[in-house]
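Colleague: Sequence below, structure please.
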Amino acid sequence: MGNSRGRLAVLVSALALASAGCGAERQDADAPSGEFEIEVTDASFPAKQRIAEPATLRLEVANRGERALPNLAVSVETEPRKAGQAPVAFAQASDEPGLADSGRPVWIVDEGPAGGGSAYDNTWAVGPLGKGQSRTVEWKLTAMETGSYTVAWRLAPALEGDFELTGGRTQGEFVVTIADDPVPARVDDDGDVVRGEEAGR
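Modeller: Prediction:
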């Protein structure tokens, strides 16, 4: 989003106009407006991953402004490989007809941000963020498809509203390559199987 208006505002405004024409109360009557100063102070996601290997996408978010964020929202989109296809959070759109879910997972989301559910498939709302507060937003994932992918993220102070973001970084992307090399594994002293980076220790 940077310093531009939130893209979600376009959809919300259109819905509000349609409701107003029917004499209904505006659906975005309580939505936030104006400027919010938030930024991601640190962002991480391993650039090289392997099939079946756990990985964590982590964003450290800080509220630098004088206003509290009503409901910090983070959208994630994986760039589609084919032109014209819609981006999906941690997946690629599938051309196969008849599928209930058109997204083909690139990563399985083992655990999303706490309290992060929303009506949007690619957006997590993680709750209020007060003045001067910071929060870690993270997804625990497991890679499922080989290849190179670009995963983009962006912030918003709420799911709805006509707002503007000022200050530091509010969007970015990761370029990730997933290889089909086997994940390192070993049996520890307790007889448990240890996988991933810890297996090499």
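
Colleague: contacts for the lengthiest strand in the chain?
Modeller: Scanning the chain for the longest strand, with DSSP state E as the assignment, gives strand 33-44. The contact list for strand 33-44, computed with CB atoms under 8 Å, 6 or more residues apart in numbering, reads 56-67, 69, 72, 129, 134, 153, 155, 157, 161-170, 172, 174. Glycine gets a C-beta too; all of them are placed from N, C-alpha and C.

Colleague: Filter these down to the buried ones, PyMOL style.
Modeller: Selection of buried members from the contacts of strand 33-44 for PyMOL, criterion 16 or more other CB atoms under 10 Å:
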select buried, resi 57+59+61+62+63+65+69+72+129+153+155+157+161+162+163+164+165+169+170+174
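
Colleague: What residues of whichever helix or strand comes after the longest strand of the chain count as buried?
Modeller: Per DSSP states H and E, the first helix or strand lying C-terminal to strand 33-44 is strand 48-50. Using 16+ other CB under 10 Å as the burial criterion, the residues of strand 48-50 that qualify are 49-50.

Colleague: what lines up beside the longest strand of the chain in the sheet?
Modeller: Under the criterion DSSP bridges, strand 33-44 sits next to strand 54-63 (antiparallel), strand 162-166 (parallel) in its sheet.

Colleague: Show the contacting residues for the residue nearest the centre of the chain.
Modeller: The C-alpha lying nearest the average C-alpha coordinate of the chain belongs to V76 (CA atoms, centre = their mean; 3.0 Å). By CB under 8 Å, 6+ apart, the residues touching V76 are 57, 89-90, 122-124, 139, 151-153.

Colleague: coming back round to it: quick one: which of the strands paired with strand 33-44 is nearest P184?
Modeller: strand 54-63 (12.3 Å; CB to CB).
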